[in-house]
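[1] here is my input; please provide its structure:
(chains A, B, C and D)
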Amino acid sequence: MTLRQDLRRLSLCATGLSGARGERILFANLDLKAEAGTALLLRGANGAGKTTLLLMLYGAIRPLAGQIVWSGQDPEGPPFIHLFGHRAAVRARLAVLETLNFWRDANGGTKDCVEALERVGLGGLGSLDAGYLSAGQTRRLSLARLLVAPRPVWLLDEPTAALDPDGDRLVGELMAEHLAAGGLIIAATHLPLAFVGTSSEIRLDG
Amino acid sequence: MAFDLGPHAVFIIAAYLGVATVVAALIGYRTFEARSVSRRLSLLEEASGRKRAQ
Amino acid sequence: MRRAFAAIIVRDIRLALRAGSDALTLVLFFVMIGIVVPFAIGPDRVLLAQLAPAIVWIAAFLASLIGIDRVFRDDFEDGTLMLLRHGTLPMELVVLAKLIVHWLLTAFPLILATPVLAVLLAMDPGALWRTVISLILGTPGLAALGAIGAGITVSLRRGGLVAPVLVLPFAIPILIFGVGAIASGIGPDLTGSARLLLAAISLMLVAIAPFAAALAVRAGED
Amino acid sequence: MSHSQDRPGFWTRLSNPGQFLIWSRPLVVPLVVVTAAVFLVGLWFALVNSPEDYQMGDTVRIMYIHVPTAWLSQFVYAVMAVSAIGTLVWRHPMADVSMKAAAPLGATFTALALYTGSLWGRPTWGTFWEWDGRMTSTLVLLLIYLGIIALWRAFEDPLRGARMVAILTLVGAINIPIVKFSVDWWATLHQPASVLRADGPTMPGSILTPLLIMFGAFTLLFIVLHLVGMRTEVRRRRIASLERRLAQRGA
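    Numbering: from 1, shown residues only, chains lettered A, B, ... in the order given. Have a look, this model is predicted:
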């Protein structure tokens, strides 16, 4: 299985984080701890700041206060985070395989794209324009993006949205494999996530 | 067939040559397009397992 | 690193040439501006020949300003820009790649279309050659300014209209030396020095654009 | 698909893309042969078998290809305008296919008309381009064609684009006479009527025959290319729907 991911073991330790959207403070001096091989689930109603927290960990949003430390990772090293969110970064006029090849090259991955497509259940659709894919299929293509360039940290924002039951099963399997390979997952979700692996939970009431 | 095209022969020849090449390109492109589209269509029809009227 | 750089350029060009994109309409716009002017000035060939350098440069100037919004807009809206922050390529190089694509899709076809305008505006071959040279030297600067304007306004929802207005004042030197490089009027022939200054401005702008635009893009999503 | 009927009615034969493919298939090869034949005869008359004109000398031979292409540039627009009406009024499925297939042909013939026109004018004007009335309005027509093609390319889904292009084409059809009139007025405003009156009432037979044959040749050429273009477009749309079905089956 060439898609096996040999990952560096990282752990997250964030202290005193506080974030806001506009003037509304979403959360204040929040502490997060997560070890390699474990998953941290962010629970909370919509608008509770789950996405903002994920984008903060991703580095897109600067925290109002507090500090994020990824131990086991030198800051100058190659990028180590994958973000899987609502915007699937898929262009309608680009073929499925072309999209995946682009993301493998852009993220410096080396895994085989066709096999990644098969793994997420889009096997025969490589030469199809991505515009023809359904919402569920587009998210599967986005999942494949995570497989072609293995990285230790996965930030998942509502991973099971727009997916049918065996889509959920696929997400569970991929998460389990990622944890087994020593990866770290932080997932924001209000639906139950079925996956094998140690996980802790944190609730954002916002 | 050396016929005399008069003093402005170069413009006449340029006109006919230009039109000939553009028309040839047009015909070439349309046949190429038709051939590649029907090849892709027959490919897809096998994949979808139904043969439509050609 | 190089693979990622090439991947961005190939993908953007492929997307631009597919249906559903209006990349080549800029060339049409450029030619149309050149064609419209004689309707206003009149078909007097001598007058047209004198004004031809200015007409060609104003057409190129406006065409490149209009194309600015598309540099980052699509990638910002579908989340690609967000994901590229953690690509192997630093954002500065991503912007450089997009700058190159922007130049290839807007300025390069413009330069190829210049002879069409030259015939319509009764330009002599010498003037045409100097125009092409000055466009080759000047358009990278316009593209660089465009990229900076695009980076700054990409997070604005209605940013598409603001960018040209922001960038236009900074592009005036390019216009001045661009036209100057073709025909420097009655005085001594300054086209040579105008050409050098034009090239200098373009180089400087292309050098600072990746850093300025990357900063703007990174801050944009905050 | 109307396979069940024994003899599809005339209208369905004309309007249903599947039927169109069936009845248009046998037409292509004979039409190509006829077009080639007429072209050969035309060229023989135009280049060899006709005397030069007493006024313009041999440059009249350029007229044998300039006038047909100039006429075609307007004939193709008429075809597109009729198809546009078909798309908007009767929602005829083949109408927008015909419109999409005709646009590039129209643009090419207009460009050829400009090309041959400037070569024809070169000996008399001394330059390749003179802003005279007819040539300038042909140039504006070319810009309209390029605009229409750009609009086709801007729409990802041709079905949705068809109605927009039909509207633009009809607006164009109304405006073209106005453009023609204003450009002629503009041209005569700045210079006396151009001396180049080619289609004078009395045209000697020796010029008329090559001209008419070349007329026929170019028109046949357009018909063949348009037919092939339409067949390709119908199949391209079938490919799109098959791909969509393939995606759904893959979900």
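[2] CA atoms of the helix ranked longest in chain A as CSV?
    Using DSSP state H to define each element, chain A has its longest helix at helix A:165-180. Extracted in CSV, the C-alpha atoms of helix A:165-180 (Å, rounded to 0.1, in the frame of the first residue of the first chain):
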residue,chain,number,x,y,z
PRO,A,165,-22.9,6.8,5.1
ASP,A,166,-20.0,5.1,3.3
GLY,A,167,-18.4,8.5,3.0
ASP,A,168,-18.4,8.7,6.8
ARG,A,169,-17.0,5.3,7.0
LEU,A,170,-14.2,6.4,4.6
VAL,A,171,-13.4,9.4,6.8
GLY,A,172,-13.3,7.2,9.9
GLU,A,173,-10.9,4.8,8.1
LEU,A,174,-8.6,7.5,6.9
MET,A,175,-8.5,9.2,10.3
ALA,A,176,-7.7,5.8,12.0
GLU,A,177,-4.9,5.2,9.5
HIS,A,178,-3.5,8.6,10.1
LEU,A,179,-3.5,8.2,13.8
ALA,A,180,-2.0,4.8,13.5
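[3] give the buried residues for it.
    By 16 or more other C-beta atoms under 10 Å in any protein chain shown, the buried positions in helix A:165-180 come out as A:167-168, A:170-172, A:174-179. C-beta here means a position set from N, CA and C on the backbone, and glycine is covered the same way.
[4] chain neighbours aside, what residue packs nearest to residue D:130?
    Distances taken as C-beta to C-beta, 6 or more residues apart in numbering or on different chains put residue D:121 closest to residue D:130, at 5.8 Å, once the chain neighbours are dropped.
[5] the one you found: neighbour count?
    Applying other C-beta atoms under 10 Å in any protein chain shown, we find 22 residues neighbouring residue D:121.
[6] show me the contacts for it.
    The contact partners of residue D:121, taken as C-beta atoms under 8 Å, 6 or more residues apart in numbering or on different chains, are D:128-130, D:132, D:135, D:196.
[7] any idea how far chain A is from it?
    According to C-beta to the nearest C-beta, to the nearest Å, residue D:121 stands 43 Å off from chain A.
[8] which parts of the helix or strand containing that residue are buried?
    With secondary structure defined by DSSP states H and E, residue D:121 is part of helix D:93-125. Of the residues in helix D:93-125, those buried by neighbour count under the rule 16+ other C-beta under 10 Å are D:93-123, D:125.
[9] ok, now stretch A:124-141?
    In stretch A:124-141, counting by 16+ other C-beta under 10 Å, buried: A:125-126, A:128-133, A:137-141.
[10] could you do stretch C:86-95 as well?
    Those would be C:86-89, C:91-95, for stretch C:86-95 by 16+ other C-beta under 10 Å.
[11] filter the contacts of residue D:121 to the buried ones?
    D:129-130, D:132, D:135, D:196.
[12] for residue C:49, state which of these is nearest.
    When the buried ones among the contacts of residue D:121 are compared for distance to residue C:49 (C-beta to C-beta), residue D:129 wins out at 11.8 Å.
[13] show residues contacting stretch D:98-109.
    With C-beta under 8 Å, 6+ apart as the test, stretch D:98-109 has contacts from B:22, B:26, D:69, D:72-73, D:76-77, D:79-80, D:83-84, D:86-87, D:142, D:145-146, D:148-149, D:152, D:158, D:162, D:165-166, D:169, D:218, D:222, D:225-226, D:229-230, D:232-233.
[14] before we move on, what about stretch D:89-97?
    D:14-17, D:20, D:83-87, D:158-159, D:162-163, D:165-166, D:230, D:233-234, D:237.
[15] residue of chain B closest to chain A, please.
    residue B:47 (7.6 Å; C-beta to the nearest C-beta).
[16] hang on, that residue in a strand?
    No: assessed by DSSP: H, G, I helix; E, B strand; the rest coil, residue B:47 does not belong to a strand; its assignment is helix.
[17] what's the burial count for it?
    14.
[18] excluding sequence neighbours, find me the nearest residue to it.
    Nearest to residue B:47 is residue D:246, by C-beta to C-beta, 6+ apart, at 6.3 Å.
[19] and the strand or helix carrying the one you found, what other elements does it pack with?
    Residue D:246 is part of helix D:205-250, with elements assigned from DSSP H and E. Counting contacts by 3 or more C-beta pairs under 8 Å, 6 or more residues apart in numbering or on different chains; DSSP states H and E, helix D:205-250 is packed against helix B:9-48, helix D:17-43, helix D:60-88, helix D:93-125, helix D:158-190.
[20] so residue D:209 versus chain A, what's the distance?
    51 Å.
[21] got the phi and psi for the nearest residue to residue A:187 once chain neighbours are set aside?
    Spatial nearest neighbour of residue A:187, chain neighbours left out: residue A:156 (4.1 Å); criterion: C-beta to C-beta, 6+ apart. Main-chain dihedrals, residue A:156, degrees, to the nearest 10: phi -110, psi 120.
[22] residue A:156 touches residue A:185, doesn't it?
    Yes: counting by C-beta atoms under 8 Å, residue A:185 is a contact partner of residue A:156 at 6.4 Å.
[23] overlap of the contact sets of these two?
    Common neighbours of residue A:156 and residue A:185, counting by C-beta under 8 Å, 6+ apart, are residue A:175.
[24] and what about whichever residue of chain A sits closest to chain B, helix, strand or coil?
    For chain A and chain B, the shortest gap (C-beta to the nearest C-beta) falls at residue A:124, measuring 7.6 Å. Under three-state DSSP, residue A:124 falls in the helix class.
[25] the residue nearest to residue B:47: how many residues sit nearby?
    17.
[26] quick one: residues contacting the closest residue to residue C:90 other than its chain neighbours.
    If the residues on either side of it in the chain are set aside, residue C:90 comes closest to residue C:214, at 7.5 Å by C-beta to C-beta, 6+ apart. When contacts are counted by C-beta under 8 Å, 6+ apart, residue C:214 is found next to C:90-92, C:94-95, C:151.
[27] my read is residue C:214 is in a helix, agree?
    Yes: judged by three-state DSSP, residue C:214 forms part of a helix.
[28] burial of residue A:15, as a residue count?
    By the criterion of other C-beta under 10 Å, residue A:15 has 14 neighbours.
[29] what pLDDT does the residue lying farthest from the centre of chain B get?
    Farthest-out residue of chain B from its mean C-alpha position, per C-alpha atoms, centre = their mean: residue B:7, at 32.7 Å. On the pLDDT scale, residue B:7 is placed at 74.
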